[in-house]
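>>> Predicted model, plus sequence, below.
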Amino acid sequence: MKYTPVIGLEVHIELYTKSKMFCSCSADYFGKEPNTHTCPVCLGLPGALPVPNKKAIEWCMAIGLALNCEISEFSKFDRKNYFYPDLPKGYQISQYDQPFCKKGQVTLSSGKKIRITRAHMEEDTAKLTHAKVDGKNVSLIDFNRSGIPLVEIVTEPDFENAKDVVEYLKLLQQTARYLGVSKADMEKGDMRLEPNISLKKEGSSGLPNYKVEVKNINSFRFVEKAINFELERQEKILEEGETPKQETRGWNESKQATISQRSKEEAHDYRYFPEPDIPPVRTGRDEIAEIKSTLPELPQERLKRFQTLYSLSSYDAEILAREKETADFFDQAAKDAKLHNVSPKQIANFIINKKPDIEKTLPAELIQSVISQKTSATISQSDLEELVKEILSENPDIVADYKKGKTNSIQVLIGKVMQKTKGQANASEVKTELENLLK
Amino acid sequence: MLNNLTIAQAKKLLDQKKLSSSELTKFYLDRIKKLEPKISAFVTITDKEALKQAEKADKLISQGAKKLLLGIPISIKDNFNTKGVQTTASSKVLEGYIPPYDATVVNLLKEEGAVIVGKTNMDAWAHGSSTETSDFGSTKNPWNIKRLPGGSSGGSTASVAADEVVISIGSETAGSIRQPAAWCGVVGLKPTYGRVSRYGVIAMGSSLDSPGPITKTVEESAFVLNILAGQDKFDATTSPKNVEDYTKNLNQKISDLKIGISKRYFDQCEKDVKDSVMQAIKVLEKLGAKIIEIDLFDPQYAIAVYTIIQRAEVSSNLARYDGIRYGNGRDKFGEEAKRRIMLGTYALSAGYYDQYYNKAQKVRTLIINDFKKAFSQVDVIIGPTSPSTALPLGASKGHPMFGEMADVLVEPSSIAGLPGINVPCGLSSENLPIGMQIIGPQFSESLILNVANQFEKNTDFHKASPNI
């Protein structure tokens, strides 16, 4: 029997706003002293009330727009009720039936379309650390993360293999960074992935009657491994004529396997209801248009433009468009290069091969480097050194002048070297070499 | 000379240097000491802090500072967070809890120089209308200590009625200011939902909770509302609407006023209550107001809606007291809180949400529209605040719906988020206070205060005080 994988994704992205989702505490919490970024609101103290962060809502909508979602003109927050020590209010403020963004779509490089069900806004929980203090096993709670704005992006179960999942995730990460709404750093937990995986008989329609959700995945590599592991595991069960259990599993890197965490019977009833502390959010069409107008050129558009406008290979274009900073830098340099008769392809090659530090280099400087590289030469370093020594021994007078302080005389020496190499050496390199030997 | 001082009278004494705030505060603290064994209006008496605040006030007064409540002793219901002062909402779950911040309302009062003498008793978590579900024992009605003060702000209304303070601050979800004000014979104002900030008030029914003043006179009520009302950046549900000067229109003539009365609101009342309120309406009629009979929904519907919505919100609001923080376990929850958590959790459960919570929200909209319809015909609606006068101690025991029955006449307007004020309008044959309530459309505080003040000016009921 052949099976087709049915995979959907839930991705959480932490927004990099100045303040938290519902209070004015700084959201820049990573690596900070525990419980220093807290107030009555994010500690969930009696009587404290949430006031939504407008910027975070705009950024959530920007993500939605980048994923071609419809933006709701009427939306609201809801309470998701459950107990966990990292949740100080006993409920998480989230969105249930009226998210900010819904019905989006992205197209993968293969042309395959992935439907986005929704993108909604919620708050992050505190962070639990299990440690030993004074010989006792304890759980420590750090509320610095409590209330950090979180956008959850849910897809339809449209993926059929792990490769596409990874492509989508990379695109999502890239998009968040292009928008400047998140660092989307997997290692720091800015981006968290939860695939749900099942198998259906090839050719059958509809969805399987079970699904397995996998949590605790913090790298793109692990998500690929976890999905492939699950597909294999589930196929074996199906081959035996049974149905895999509907459950939540976790990826265990050391065991290279997914491990059962929670079964369907233990699933929560979150008792969602509208958050009475926050009035519904109404966003006018003009406001939505305003947010849309601030969106930068998105990764896929830019990739396409790099290929068509600059005639780059898809390989080169992909590398250059990967990070927004590099892409912006390349764009600027490629534009300026025209004036210097340098081609975008030469700029691209230089960036890709020489990997200049673009934070410390101006596009114009880069163009100069490309030009001097062009005029520089084919002569090897050791040949150059030989040649310079030769010239020096042939011109003891000029050397003496130089050593007396007539440093200008070095120009004569450079000229002589250049003459001898027939212009195959780079003048500045020659100068450096001469200075070294004249010391 | 110091008996039943109003804010204005107390301020005059302070301004004319006939008395210092320290002396005034000591006077009230002495009275509290003397009366508390009988009344038990307070959970916490903050005598030391109060004297310090009074001293500070005296200094400011001597420097000529002008603040609205400078040096005036007040009490605050124990569900308002007070920085550095135990705040329990009368529940053992929070016994010993010292909040690190002040509620917005407390902040505003402190900024105006008020001297807080203590935190008043209430039904635990504000779940009730008797104050006898407090985990720290029942408050007694100053008019008759064998009677209940009403609730949940019973400690606040009793402290004002017994003249243990000049004024008090309470909060109402549905009746918790007006009903105990009626039973204790004081003025209690429940503002429009969103007019006064809830930030720092331990949440009960979040979509209903409204803090408000409890005073001896209507004028003081307007005066204190001026301090409390307004948008708060810490409470997203507060209204951006401009705050009026609520004392400005207290003396408008009411000759063009159209008063609506609904027979249904009188049907289930004790005879004394019914007679007194009808009598009071006649006073207003004499002042020129027109009485128009209107047809409002049976208040019983509001009870059903209120019970579902409020329990649902309570079940979620109390989840944070999970036994991990605040030092006390969930076993410290009293019967009533447990009952509400169970009922609310059930009403929100998968499969029941549409049947209960969602349906209740729909009926809530119908009730809002019912009032809108009524206010297209009349300016204010007047009725009894409570169907009965103060009931005997113990009356709430074993009656899970005691509060809803005692509050049957205030729940509909609370559900609709409307402002309402209780004014004393008589004494029963048992010498217990009777109150009438004046309800107006949203943000009509000026109007209902005006009507209440016209009634008060033409009657003497507010002058009656308990003999204690």
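The structure has been received and is ready for your questions.

>>> near chain B, which residues of chain A show up?
Contacts of chain A with chain B, taken as CB under 8 Å from any CB of the partner chain, map to A:40, A:44-52, A:79, A:81, A:83, A:85, A:88-91, A:269, A:271-273, A:276-279. (C-beta placed from N, C-alpha, C; glycine too.)

>>> please redo it, this time with the cut-off set to 6 Å
A:40, A:44, A:46-47, A:49, A:51, A:79, A:81, A:85, A:89-91, A:269, A:271, A:273, A:276-278 (CB under 6 Å from any CB of the partner chain).

>>> What is the least confident helix or strand in chain A?
helix A:363-375 (a mean of 75; mean pLDDT, DSSP states H and E).

>>> Show me what the helix or strand just after that helix is packed up against.
Downstream of helix A:363-375, the first helix or strand assigned by DSSP states H and E is helix A:381-394. Helix A:381-394 is packed against helix A:410-421, helix A:427-438, with contacts defined by 3 or more CB pairs under 6 Å, 6 or more residues apart in numbering or on different chains; DSSP states H and E.

>>> If we go by neighbour counts, what in the helix or strand that comes right after helix A:381-394 is buried?
Using DSSP H and E, the helix or strand that follows helix A:381-394 in sequence is helix A:396-404. Buried residues in helix A:396-404, counted by 16 or more other CB atoms under 10 Å in any protein chain shown: A:398, A:399, A:401, A:402.

>>> repeat for stretch B:461-468
Quick answer for stretch B:461-468 (16+ other CB under 10 Å): B:461, B:462, B:465, B:466, B:468.

>>> Now render these as TSV, adding secondary structure and pLDDT.
Shown next, in TSV, are these (DSSP: H, G, I helix; E, B strand; the rest coil; pLDDT from 0 to 100):
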residue	secondary structure	pLDDT
B:461	helix	93
B:462	helix	91
B:465	coil	93
B:466	coil	96
B:468	coil	86
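
>>> Using CSV, lay out the helices and strands packed on helix A:381-394 together with distance to residue A:118.
Formatted as CSV, those follow (distance: least, CB to CB, whole Å):
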stretch, distance to residue A:118
helix A:410-421, 67
helix A:427-438, 58
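
>>> Any idea how many residues pack against the residue in the stretch 1-150 of chain B that chain A sits nearest to?
Closest contact between the stretch 1-150 of chain B and chain A, by CB to the nearest CB, is at residue B:81 (4.7 Å). Residue B:81 has 29 neighbours, counted by other CB atoms under 10 Å in any protein chain shown.

>>> Go ahead and confirm it touches residue B:199.
No. The pair residue B:81 and residue B:199 fails to qualify as a contact (CB atoms under 6 Å) at a distance of 8.8 Å.

>>> Please work out the average pLDDT along stretch B:135-154.
Averaging pLDDT along stretch B:135-154 gives 97.

>>> Revised request: answer the last question for stretch A:432-439.
Mean predicted lDDT for stretch A:432-439 stands at 81.

>>> Repeat that for stretch B:376-384.
97.

>>> Can you show me the helices along chain A?
A:54-66, A:162-179, A:220-239, A:285-293, A:299-310, A:314-322, A:324-337, A:344-354, A:363-375, A:381-394, A:396-404, A:410-421, A:427-438 (DSSP state H).

>>> what's the angle between the fifth one and helix A:324-337?
Between helix A:299-310 and helix A:324-337, the angle comes out at 20 degrees (axes from the mean of the first three to the mean of the last three CA atoms, to 10 degrees).

>>> Can you list the buried residues in helix A:299-310?
Buried residues in helix A:299-310, counted by 16+ other CB under 10 Å: A:299, A:300, A:302, A:303, A:305, A:306, A:307, A:310.

>>> show me what contacts the first one?
Put plainly, it is residue A:299. A:174, A:178, A:321 (CB atoms under 6 Å, 6 or more residues apart in numbering or on different chains).

>>> close enough to count as contact, residue B:447 and residue B:441?
No. At 8.3 Å, residue B:447 does not count as touching residue B:441 under the criterion of CB under 6 Å.

>>> re the thing from before, how about TSV for the contacts of residue A:299, with neighbour count and pLDDT added?
Shown next, in TSV, are the contacts of residue A:299 (neighbours: other CB atoms under 10 Å in any protein chain shown; pLDDT from 0 to 100):
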residue	neighbour count	pLDDT
A:174	21	96
A:178	22	97
A:321	26	93
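
>>> which one of those residues sits closest to residue B:185?
The closest of the contacts of residue A:299 to residue B:185 turns out to be residue A:178 (CB to CB; 67.4 Å).

>>> list the contacts for the closest residue to chain B within chain A?
When scored by CB to the nearest CB, chain A has residue A:90 as its residue closest to chain B, at 2.4 Å. Contacts for residue A:90 (CB under 6 Å, 6+ apart) come out as B:319, B:320, B:322.

>>> from the residues you listed, which are also near chain A?
Answer for the contacts of residue A:90 near chain A (CB under 6 Å from any CB): B:319, B:320, B:322.

>>> So among the residues you listed, which ones count as buried?
Of the ones next to chain A among the contacts of residue A:90, these count as buried by 16+ other CB under 10 Å: B:319, B:320, B:322.

>>> Flag the least confident of the residues you listed.
Scoring these by pLDDT puts residue B:322 last, at 92.

>>> I'd like the secondary structure assignment at that one, please.
coil (DSSP: H, G, I helix; E, B strand; the rest coil).

>>> residues near residue B:406, how many?
30.

>>> which SSE is residue B:26 in?
According to DSSP H and E, residue B:26 maps onto helix B:21-39.

>>> Just the CA trace of that helix, in CSV.
Extracted as CSV, the C-alpha positions of helix B:21-39 are listed here (Å, rounded to 0.1, in the frame of the first residue of the first chain):
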residue,chain,number,x,y,z
SER,B,21,-6.5,66.4,59.8
SER,B,22,-4.6,64.5,62.5
GLU,B,23,-7.3,65.4,65.0
LEU,B,24,-10.0,64.5,62.6
THR,B,25,-8.4,61.3,61.7
LYS,B,26,-7.9,60.4,65.4
PHE,B,27,-11.6,61.2,66.0
TYR,B,28,-12.6,58.7,63.3
LEU,B,29,-10.0,56.1,64.5
ASP,B,30,-11.4,56.4,68.0
ARG,B,31,-14.9,55.9,66.7
ILE,B,32,-13.8,52.9,64.7
LYS,B,33,-12.2,51.5,67.8
LYS,B,34,-15.4,52.0,69.7
LEU,B,35,-17.8,50.7,67.0
GLU,B,36,-15.9,47.9,65.3
PRO,B,37,-16.7,45.3,67.9
LYS,B,38,-20.4,45.8,67.0
ILE,B,39,-20.2,46.5,63.3
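
>>> Which helix or strand lies directly C-terminal to that helix?
Using DSSP H and E, the helix or strand that follows helix B:21-39 in sequence is strand B:42-45.

>>> so how far is the next helix or strand after that following strand from its chain's centroid?
On the C-terminal side of strand B:42-45, the closest following helix or strand by DSSP H and E is helix B:47-62. Relative to the centre of its chain, helix B:47-62 is centred 27 Å away, using CA atoms, centre = their mean, to the nearest Å.

>>> pLDDT (mean, whole number) over helix B:47-62?
97.

>>> who does that helix touch, helix- and strand-wise?
helix B:21-39, strand B:115-120.

>>> Give the buried residues for it.
Across helix B:47-62, burial judged by 16+ other CB under 10 Å covers B:47, B:49, B:50, B:51, B:53, B:54, B:55, B:56, B:57, B:58, B:60, B:61.

>>> tell me the angle of the next helix-or-strand element following it relative to strand B:115-120?
Counting by DSSP H and E, the next helix or strand C-terminal to helix B:47-62 is strand B:73-77. Here strand B:73-77 runs at an angle of 30 degrees relative to strand B:115-120 (the same axes, to 10 degrees).

>>> Other residues contacting strand B:73-77?
Contact partners of strand B:73-77, identified using CB under 6 Å, 6+ apart, comprise B:25, B:28, B:114-120, B:122, B:153, B:156, B:159, B:165-171.

>>> Please save the CA atoms from it in PDB.
Coordinates of each C-alpha in strand B:73-77 appear next as PDB, following Å, rounded to 0.1, in the frame of the first residue of the first chain:
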ATOM      1  CA  PRO B  73     -10.600  60.200  56.400                       C
ATOM      2  CA  ILE B  74     -12.100  57.600  54.000                       C
ATOM      3  CA  SER B  75     -12.400  53.900  53.800                       C
ATOM      4  CA  ILE B  76     -11.900  51.600  50.800                       C
ATOM      5  CA  LYS B  77     -13.400  48.300  50.000                       C
END
